[in-house]
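>>> pasting a predicted model and its sequence here:
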Protein chains: 2
Amino acid sequence: MFAQRTINLNSSFIRDILAVTQQPDMISFAGGLPDPELFPVAALQQASMRMQQQLGNRLYQYSETPGLLPLRRHIAEQLADPEVHAEQIIITTGSQQGLDLVVRCLIDPGDKVLVEAPTYLGALQVLRANQATLISIPSDEQGPDLEALEAIVQREPIRCFYTVTDFQNPTGASYSLERRKGLTALAERYNFWILEDAPYSALRYSGDPLPSLQSLLPERVIHFGSFSKIIAPALRMGWISAPREVIKVVEKLKQAADLHSSGYDQQLVLSFLQSGALEPHLEQIRSAYGERLEAMATALTRNLSDSLHFTKPRGGMFIWATLTSNESTLELFRAAVAEGVAFVPGEAFYVNGESDNSMRLNFSNSSSAMIEEGIRRLATLINDSSRRENTASALAY
Amino acid sequence: MFAQRTINLNSSFIRDILAVTQQPDMISFAGGLPDPELFPVAALQQASMRMQQQLGNRLYQYSETPGLLPLRRHIAEQLADPEVHAEQIIITTGSQQGLDLVVRCLIDPGDKVLVEAPTYLGALQVLRANQATLISIPSDEQGPDLEALEAIVQREPIRCFYTVTDFQNPTGASYSLERRKGLTALAERYNFWILEDAPYSALRYSGDPLPSLQSLLPERVIHFGSFSKIIAPALRMGWISAPREVIKVVEKLKQAADLHSSGYDQQLVLSFLQSGALEPHLEQIRSAYGERLEAMATALTRNLSDSLHFTKPRGGMFIWATLTSNESTLELFRAAVAEGVAFVPGEAFYVNGESDNSMRLNFSNSSSAMIEEGIRRLATLINDSSRRENTASALAY
């Protein structure tokens, strides 16, 4: 009744548990959401007013498939690393669409794709929906295990490697400079594409920025940018920057896929960017999220230093914490929800859904006070396993 | 270097000639654009103001994959034919994305899909991008040749039939009631899906509405709606309505493809619809486009009745005209552009790009005075072939 590829479609665990985690009084570290209280509402309202006044009825017509040229120019000149030409950029409906379009252009069913273990859930969904064969590469706080990676690319043809180099979802880890250089050297030698997903790169709270993989190997890296985390997710605005020959093919597919992304939202983002509102907004959210990261790291250390370990990331939206015991965090999740605190069990981020004793904790969408209370609730559960067994059995799902 | 499916990607002839047809002083009947002068700008500006005031920061967060429930409810109750449940609706980034998602869920490479000859160019692009094997069915002013269709579905398994039943792009033709009933009876008997694309259904200028295919066979028809022609294309807002089991699968693919369509634009369209602005706007554009249709039909009859024939449509945005000679309209197109008038040569709308003596003429995006002047220029060329040969040879493309 349906196409083969639909067999591989699975709904996101995170989206499935959304209803549970949105119950009143729930402290949710489960989502990957920016804090709506911090959205640049006033600047967006001004940008909206301005574009409507300036453009009149021109705001509402069909426009070009790759996106508005002034917006692509702005990204190329001011947001891309390295600076690229506007012709190397396509505006997409969030970076998620960028990923889907590129994977559709690169991957035939069964083609092999490397991903980190763990990795971004939405990338696993896209790759599965496009019938890629997924191979996991172990990674640590410095990035992927390059020896393991080379052993694989030596042995068999690999089409591409998907990665989040800065403040990864779910682990928060960032590649060291050495690992960045090593990875791009392997891509050049063994001739595979790197898909560099960079939604969190601007959310750095400490340390100095490191060069993107694209800046190290522009001819083999396809880079995905997003305004979702730094302006507003509802606008679904992202971009691809890549070698011109890739963009040409992706543009044709995008034309078939949706003609173009919302011209209205493109103008809104352009007007916002042109007003100079991005930089002060970034400073504000970096400061707020940085404090919340501190609050969560401090609370974890104070309450749970014997029961779990974690590495404090230097940016992004997540802390990845691993229990010192081998207990499944899926079990713990059920008990935690009953106690009014939610997180995402680690197994959601592995290719084969391996059972896992890790968890992803989001710190961007809760106040520091909520974070302290949530970690306190979690600590009570983790440090008192008898209590956990009692509550878990009372849950019906 | 790229996936197999990219071999089938082709850019739209219409988009490729856009630059030529946008030259100053060009009278273009080539695009498929609504007239920007008629966009409901004031009502959209009020809707924008209202949603920003009412929603504040809630306007900017992630939202659900199938689309905002109040918008899906409004479509289900007030725009769908027949009335369907909100759970049978997914909001898409234009109906073009709806088509792409559904084709990806239904079609494996090589699966056979029936289309009319001629048919909508964007559907051909989507189907080719998804590696469908296309089979053309001849059609006339009443709809597809059902005997020819039955002969094919008897012989081999057919996955689906793609159609625009009301005021087709490019021909303007609408299915008769008899043809609608006959087609749905065949779909039921031979068990194929019907993809019913309905972007123009609300743009009726004469005659009574006929039942949609979906209302005749809800369990086998997947229906595509669009706000592009009746509100504004830049918003890229469309929807799929279909049996629940189809929607469930499409929703999973949409989650992987872009998480959701712009929540900002969904709220804008919802606010516009809730204000009651759609119906008076529809009356206005029906009246204006209806007058332009009259102007074009009258001018064609007056200037070209010996050289081409056409059937005046009862709605939509296009007249399909066929030369009485066998001359290629692609040749004529080159000469016409040099004379300052553009149309789309018919061959763009056929599966195999057959050379053709037809042309698609858009009447929605030119004033009646421009239409008269444009048809006069065209008539001068068509009625004086020696003049045509002189100008055609002067063109470099």
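Done, it's in. Residues are numbered from 1 along each chain as shown, chains lettered A, B, ... in the order given.

>>> for burial, what's the neighbour tally of A:Leu210?
Residues near A:Leu210, counting by other Cβ atoms under 10 Å in any protein chain shown, number 19. For glycine as for every other residue, the C-beta is placed from the backbone atoms N, C-alpha and C.

>>> grab the nearest non-local neighbour of it.
Nearest non-adjacent residue to A:Leu210, counting by Cβ to Cβ, 6 or more residues apart in numbering or on different chains: A:Leu177, 5.4 Å away.

>>> please apply the same query to A:Ala86.
Residue nearest to A:Ala86 in three dimensions, not counting chain neighbours: A:Arg72, with 4.1 Å by Cβ to Cβ, 6+ apart.

>>> pull out the buried residues from stretch A:135-152.
A:135-137, A:139, A:142-146, A:149-150, A:152 (16 or more other Cβ atoms under 10 Å in any protein chain shown).

>>> sort out for me which of these are in strands.
A:135-137, A:139, A:143-144 (DSSP state E).

>>> pull the CA atoms of stretch A:352-360 into CSV?
Extracted C-alpha coordinates of stretch A:352-360, given in CSV (Å, rounded to 0.1, in the frame of the first residue of the first chain):
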residue,chain,number,x,y,z
ASN,A,352,19.9,0.8,17.0
GLY,A,353,18.1,2.3,20.1
GLU,A,354,20.7,0.6,22.3
SER,A,355,19.6,0.5,25.9
ASP,A,356,21.7,3.1,27.7
ASN,A,357,22.4,4.6,31.1
SER,A,358,22.6,8.1,29.8
MET,A,359,20.2,11.0,29.6
ARG,A,360,19.9,14.3,27.8
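
>>> let me see the mean pLDDT of it.
In this model, stretch A:352-360 has an average pLDDT of 86.

>>> give me the residues contacting that stretch.
Outside stretch A:352-360, the residues that touch it by Cβ atoms under 8 Å, 6 or more residues apart in numbering or on different chains are A:29-30, A:118, A:136, A:169-170, A:318-323, A:325-330, A:332-333, A:343-350.

>>> report the beta-bridge partner residues of A:Phe137.
Rather than Phe, residue A:137 is Ile. A:Glu116 (DSSP bridges).

>>> on that earlier part again, dump the buried residues of stretch A:135-152 to JSON lines, plus distance to A:Ser11 and pLDDT.
JSON lines is the format used below for these (distance: Cβ to Cβ, whole Å; pLDDT from 0 to 100):
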{"residue": "A:Ile135", "distance to A:Ser11": "23", "pLDDT": "97"}
{"residue": "A:Ser136", "distance to A:Ser11": "21", "pLDDT": "96"}
{"residue": "A:Ile137", "distance to A:Ser11": "25", "pLDDT": "95"}
{"residue": "A:Ser139", "distance to A:Ser11": "26", "pLDDT": "93"}
{"residue": "A:Gln142", "distance to A:Ser11": "33", "pLDDT": "96"}
{"residue": "A:Gly143", "distance to A:Ser11": "30", "pLDDT": "96"}
{"residue": "A:Pro144", "distance to A:Ser11": "27", "pLDDT": "96"}
{"residue": "A:Asp145", "distance to A:Ser11": "30", "pLDDT": "97"}
{"residue": "A:Leu146", "distance to A:Ser11": "33", "pLDDT": "98"}
{"residue": "A:Leu149", "distance to A:Ser11": "30", "pLDDT": "98"}
{"residue": "A:Glu150", "distance to A:Ser11": "35", "pLDDT": "98"}
{"residue": "A:Ile152", "distance to A:Ser11": "29", "pLDDT": "97"}
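
>>> any idea which of these is closest to chain B?
In terms of Cβ to the nearest Cβ, no member of the buried residues of stretch A:135-152 lies closer to chain B than A:Ile135, at 18.0 Å.

>>> not counting its neighbours along the chain, what's nearest that closest one?
Nearest to A:Ile135 is A:Leu114, by Cβ to Cβ, 6+ apart, at 5.3 Å.

>>> I'd guessed the one you found sits against A:Tyr162; true?
Yes. With contact defined as Cβ atoms under 8 Å, A:Leu114 and A:Tyr162 form a contacting pair (7.1 Å).
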